[in-house]
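[1] Test case, fold it:
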Amino acid sequence: MSKFAKAAVPRQPIGPVTGVGTPTVTHQGGPGYVLSNKSELYKLAVSNLVGEDTFYEAAAERDSRFVKLVHEVTKADPTWVRGFIPWLRDDANMRSAPVVMAMEYIAAGGPNGHAVVPSAMRRADEPAEALGYWLTKYGKKMPAALKRGLARSVVDLYNQSTPVRYDSSRAAVRPGDVIELVHPRPKSAVQGELFKHLIDRRHNRAHLTSDSRLVDLAEFYGWEEMPKEERAHWMAHARAGNTLLPRLANWEHLGSWLPNGWNAAAWESVIPQMGYMALLRNLRNFDAAGISGEARLRVAARLQDPLEVMKSRQFPMRFLSAWKAVQSMRWGPALEDAVTLSCSNIPEFKGQTLVMLDVSGSMADRMSAKSDLQRYEAAAVFAGAISNRNPNRTVVVPYDTRCYYPQQGSPSAGRRHVHAPVRSILRFVETIRRMSHGGTNTWGCMADAYSRFDQISRVIIITDEQVGFAGGHTAHLKCPLYVWNLGGYKPSSIEPAPGKYVFGGLTDASFRVIPQLEAGRDGVWPWEVAK
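    Predicted structure coming up:
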């Protein structure tokens, strides 16, 4: 008998994701429940890659639902939306969704919109993306709050790297367009000259003069115009750690600039200046070029550096994607450490945790149009990270129409206390990939797994919630139930109630809510925990 059956069950706090009590069906025809507008918006936003189809929902339908929810929630509780947007950008690491939310918050007439717009943006290309979205949907008439918010974002984000990295002649809306439309007030004479230069670039006017204050930018333009015969001499004198690159140049510029293309010497000269994501994207190229062992060690050290991982803001699945691309043991330990570090928000849980991992057919949907990863692989990363963070206190049970119990120590009869720690997250994903991916029997599988293991303190289900079987009865549970949704679809597979919670997203950020709820706090949204 479990410990929860031996004592009175404590009062379960009410979670933030709530239903409105209206039964519905999932896309597969299984039982579902309508969520409140806030809950549906949260679940959609944390998994919404704007403008992309999903397994059950077309991009236009999904985006329209997103916009409608933003308007409804903004009118009902604008303070809630103002707290959600910066968390969505900073902690959940979403880019397009918070920008769209900020624009629709303005369109819905939300107060203090001039402060909401900058809270959605962290990169210098985002003001132009936001303006492009607004012009496409609402035309040239811009509320004062939007102009003020974009102007503030421009002042905060535009610097001499902006024309180099984010001003493409192929873009429909460019930084110069933003400046001309919102009239930002520069914070310095240098930024004032930069604004003028961005406008000049937009209209194909002359480059910088010899007395320009934009020293770094002038150096970059001079480097770009270096004759090809001099470039070979430059390359011969380049050394690792002393690339002789101008300050604003990066590895992508070097690739098109080199007279004879990439080789080991070129890569080794630029590796010290490459960003974290660039290193991840080019591991296979490093191997193909045959960079030195010393250079490989430097790359691996950066990949494993906790501060670098934190600053990189990569989704945990990005490390899995890199591993699939290289499949090289020389990078395996570094990527394993990196994916574990990227899941640092997952807390240590008290007691035993049962993790149900949905590997059904709909979870084989790709994470995004540009990704080669399936949702079940992302789910496996999170399940593996929970087990890795809580070794010997977690059992992970993959399921579709049936459960796939851990082979070692699998209970054959009766209730037993069994641990199946995941030591290597990347290898665990490889194991999950070989499973059948059939239907979605969430509740039947959960009931079977719960009956087999003793002393379970909580059940976490990682799924897209698209159940295809009857069920949903969880009265037999004597512990909290957390459904972690990776799909963002409209119906919920359970009716949220005290002790039953629905969360989601593409990062580990929301897992921090679980200890707060188990400590008795009601209505804890992830950004409230962050505060």
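
[2] residues contacting the nearest residue to A189 once chain neighbours are set aside?
    Nearest residue to A189 in three dimensions, chain neighbours excluded: R213, at 6.4 Å (Cβ to Cβ, 6 or more residues apart in numbering). Every C-beta, even on glycine, is put in place using the N, C-alpha and C of the backbone. Contact partners of R213, counting by Cβ atoms under 8 Å, 6 or more residues apart in numbering, are 189-190, 193.

[3] Surely R213 forms part of a strand?
    No: under the criterion used here (DSSP: H, G, I helix; E, B strand; the rest coil), R213 is coil, not part of a strand.

[4] which residues of this structure fall in strands?
    Using DSSP state E, the strands of the chain run over residues 19-25, 31-35, 352-358, 394-399, 456-463, 481-485, 500-504.

[5] got the CA positions of the fifth one in PDB?
    Taking Å, rounded to 0.1, in the frame of the first residue of the first chain, the C-alpha atoms of strand 456-463 are listed here in PDB:
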ATOM      1  CA  ILE A 456       4.500   7.100  -6.100                       C
ATOM      2  CA  SER A 457       4.500  10.700  -5.000                       C
ATOM      3  CA  ARG A 458       3.500  12.300  -8.300                       C
ATOM      4  CA  VAL A 459       2.700  11.300 -11.900                       C
ATOM      5  CA  ILE A 460       4.100  13.400 -14.800                       C
ATOM      6  CA  ILE A 461       2.700  12.700 -18.300                       C
ATOM      7  CA  ILE A 462       4.600  14.200 -21.300                       C
ATOM      8  CA  THR A 463       2.300  14.100 -24.300                       C
END
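
[6] Partner strands of that strand, with direction?
    The pairing partners recorded for strand 456-463 under DSSP bridges are strand 352-358 (parallel), strand 481-485 (parallel).

[7] can you tell which of these is closest to V73?
    Distance to V73, taken as Cβ to Cβ, is lowest for strand 481-485 among the strands paired with strand 456-463, at 17.9 Å.

[8] Report the distance from that closest one to the chain centre.
    Strand 481-485 sits 18 Å away from the centroid of its parent chain (Cα atoms, centre = their mean, to the nearest Å).

[9] Count the residues that sit near E225.
    Using other Cβ atoms under 10 Å, E225 has 8 neighbouring residues.

[10] Please report how far it lies from R201.
    The spacing between E225 and R201, counted by Cβ to Cβ, to the nearest Å, is 15 Å.

[11] Same question for Y105.
    31 Å.

[12] And these two? Which one has more around it.
    Neighbours were tallied for Y105 and for R201 using other Cβ under 10 Å; the higher tally belongs to Y105 (30 against 17).

[13] Next, the buried residues of the longest helix anywhere in the chain.
    With DSSP state H applied, the helix covering the greatest number of residues in the chain is identified as helix 59-76. Within helix 59-76, the residues that qualify as buried are 62-63, 65-67, 69-71, 73-74, counting by 16 or more other Cβ atoms under 10 Å.

[14] now stretch 249-261
    Residues of stretch 249-261 classed as buried under the neighbour-count rule (16+ other Cβ under 10 Å) are 249-251, 253-254, 257-258.

[15] State the mean pLDDT of it.
    Averaged over stretch 249-261, pLDDT sits at 80.

[16] Alpha carbons of stretch 84-91, as CSV, please.
    Presented in CSV, the C-alpha positions along stretch 84-91 are these (Å, rounded to 0.1, in the frame of the first residue of the first chain):
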residue,chain,number,x,y,z
PHE,A,84,3.5,36.4,-19.6
ILE,A,85,5.2,38.1,-22.6
PRO,A,86,8.7,38.7,-21.1
TRP,A,87,8.7,35.2,-19.5
LEU,A,88,7.7,33.7,-22.8
ARG,A,89,10.7,35.4,-24.4
ASP,A,90,13.3,35.1,-21.7
ASP,A,91,12.5,31.8,-19.8
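
[17] tell me the average confidence for that stretch?
    91.

[18] just stretch 301-313 next, same as before
    Taken as a whole, stretch 301-313 has an average pLDDT of 91.

[19] Touching it from outside, list them.
    Counting contacts by Cβ under 8 Å, 6+ apart, the residues touching stretch 301-313 from outside are 93, 275-277, 279-280, 331, 333-335, 337-338, 341-342, 344.

[20] mind listing which of those are in helices?
    When DSSP H is applied, the contacts of stretch 301-313 are split such that 276-277, 279-280, 333-335, 337-338, 341-342 fall in helices.

[21] Against R122, how distant is the closest residue to Y405 other than its chain neighbours?
    With Cβ to Cβ, 6+ apart as the criterion, Y405 has its nearest non-adjacent residue at 6.2 Å, and that residue is V397. Relative to R122, V397 is positioned 38 Å away (Cβ to Cβ).

[22] and those two? which has more neighbours close in?
    Between V397 and R122, counted using other Cβ under 10 Å, the more crowded position is V397 (24 against 17).

[23] quick one, what contacts the more buried one?
    Shown here is V397, whose contacts under the criterion Cβ under 8 Å, 6+ apart are 354-357, 403-406, 445, 449.

[24] do that again at 6 Å, thanks
    With contact taken as Cβ atoms under 6 Å, 6 or more residues apart in numbering, V397 is in contact with 356, 403, 449.

[25] Correct me if wrong: the first one contacts M446.
    Yes: when contacts are counted by Cβ atoms under 6 Å, M356 is listed as touching M446 (5.4 Å).

[26] Give me the more crowded residue out of those two.
    The neighbour count for M356 versus M446, taken as other Cβ under 10 Å, is higher for M356 (26 against 22).

[27] hey, what's that one bridged with?
    With DSSP bridges applied, M356 shows beta-bridge pairing to V397, I461.

[28] most remote residue from this protein's center?
    Checked against the mean C-alpha position of the chain, the extreme residue using Cα atoms, centre = their mean is E229, at a distance of 43.8 Å.

[29] Y405 versus that one, what's the distance?
    67 Å.

[30] possible to save the ones in helices among the contacts of stretch 301-313 as CSV with neighbour count and distance to Q455?
    CSV is the format used below for the ones in helices among the contacts of stretch 301-313 (neighbours: other Cβ atoms under 10 Å; distance: Cβ to Cβ, whole Å):
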residue, neighbour count, distance to Q455
Y276, 19, 41
M277, 13, 42
L279, 21, 43
L280, 23, 40
P333, 14, 34
A334, 23, 36
L335, 24, 34
D337, 17, 31
A338, 28, 33
L341, 19, 30
S342, 25, 30
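
[31] Could you work out the most separated pair of the residues you listed?
    Across the ones in helices among the contacts of stretch 301-313 (Cβ to Cβ), the longest gap, 19.6 Å, separates M277 and P333.

[32] For the residue lying closest to H203 once chain neighbours are set aside, give me its contacts.
    With sequence-adjacent residues excluded and distances taken as Cβ to Cβ, 6+ apart, H203 is closest to G176, at 7.3 Å. Residues touching G176, when contacts are defined by Cβ under 6 Å, 6+ apart, comprise 198-199, 201-202.

[33] Among the residues you listed, which one lies nearest to H237?
    Within the set of the contacts of G176, R201 lies nearest H237; the separation is 31.2 Å, counting by Cβ to Cβ.
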